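[1] The sequence and its predicted three-dimensional model are supplied below.
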Amino acid sequence: MHTQRTAVAALALFALAACGTENGSAGSSTPAEPDVPLTGAGWTVNSVSSGDTLRKAPAGADIAFEKGRVNGSTGCNHFSAPATVKGDTLTVGAATSTLIGCPSKLQSYETALRKTLTGKLTVHLSGRNLTLRTAKGDSVKLTQKPAERAAPLAGTTWKVDSLVDGASMSTLPPGTAGKARLTFGKGGSVSGSLGCNRVSGMAKVTGSTVTFGPLTTTRMMCKAPVMTLERQLLKVLHGPVHYGIQHRVLTLKAHDGTGIRATA
């Protein structure tokens, strides 16, 4: 009797083990497909194919992926959108963008890029070449930029090119593009131009936070758009501010979500 019970138990264990090895059964696992690596590099946009039209990208058109977002330049406007990669699928949400008026040919390319770089796209990476393709067959082709170190915060002149509000960006007031610049010193100082007036003061860096001390500015009166930009910049350059650098792009963002974007 004892021998019979042992045999039955052994058969039961064998049956359970066999069930556990069947496809789709409990205990089985299929290794997840690894995500295509897109972060950690900058990408130059080569072209956008939409319908039967192939549009070559202008100089300065590039994008960069970071955790949860894709940021880029169309060669005219800057844009940012939520983005996630799962396996070989890239999902891009609604983008926010600056609103600079572009020449008609560039505007046509920009419109095609925005339309194509939205929703679910299949990712194909071959060496340094990347193709993002929609379900309809439209595509964006890119080339990975040569590896480069991110521009250092200190010692770099940063040109302010956009205003940030949460996850959205906006253009600078009319007539102020290229006028506001900041330079951080290695000793914890900051100086530069707010667009019209000069600014200087202390900026202590701790981890990913810059804490701006009292800043002093010159007292010139300027045209209304420039003064509007200065007031917006001074609101950001006050107290502790989070900073991040992606390649040659610096973002400063206050606790309320307002901030600035600047390029080395």
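    Right, received. Where do you want to start?
[2] tell me the centre residue of this structure?
    residue 71 (3.3 Å; Cα atoms, centre = their mean).
[3] How far off centre is the helix or strand where that residue lies?
    Per DSSP states H and E: residue 71 is located in strand 69-74. In terms of Cα atoms, centre = their mean, to the nearest Å, the gap separating the centre of strand 69-74 from the centre of its chain is 6 Å.
[4] from here on, count from 461
    Sure, I'll start numbering at 461, so the last one becomes strand 529-534.
[5] what's in contact with it?
    Residues from elsewhere that reach strand 529-534 (Cβ atoms under 8 Å, 6 or more residues apart in numbering): 505, 518, 520-524, 538-543, 552, 562, 566, 569-570, 573-574, 577, 627, 706, 709. Using the backbone N, CA and C atoms, a C-beta is placed for each residue, glycine as well.
[6] go again using 7 Å as the cut-off
    Residues outside strand 529-534 that contact it (Cβ atoms under 7 Å, 6 or more residues apart in numbering): 520-524, 539-543, 552, 570, 573, 706.
[7] In helices only, show me these.
    570, 573 (DSSP state H).
[8] Find the pair from the contacts of strand 529-534 with maximum spatial separation.
    Maximum pairwise distance among the contacts of strand 529-534 (Cβ to Cβ): 23.3 Å, between 520 and 542.
[9] With neighbour numbers in mind, choose between these two.
    residue 542 (14 against 11; other Cβ atoms under 10 Å).
[10] now the more buried one, nearest residue through space, not along the chain?
    residue 553 (3.9 Å; Cβ to Cβ, 6 or more residues apart in numbering).
[11] pretty sure the one you found is in contact with residue 541, am I right?
    Yes - if you go by Cβ atoms under 7 Å, residue 553 and residue 541 touch, sitting 5.4 Å apart.
[12] between those two, who's got more neighbours?
    Using other Cβ under 10 Å, the more surrounded residue of residue 553 and residue 541 is residue 541, with 19 against 15.
[13] beta partners of that one?
    residue 530 (DSSP bridges).
[14] tell me the contacts of it?
    529-530, 552-555.
[15] Out of those, give me the one that has the most neighbours.
    Top of the contacts of residue 541 by neighbour count (other Cβ under 10 Å): residue 530, with 23 neighbours.
[16] which is the next helix or strand following the worst-scoring helix or strand of the chain on mean pLDDT?
    Using mean pLDDT, DSSP states H and E, the weakest-scoring helix or strand in the chain turns out to be helix 462-480, at a mean of 37. Counting by DSSP H and E, the next helix or strand C-terminal to helix 462-480 is strand 502-510.
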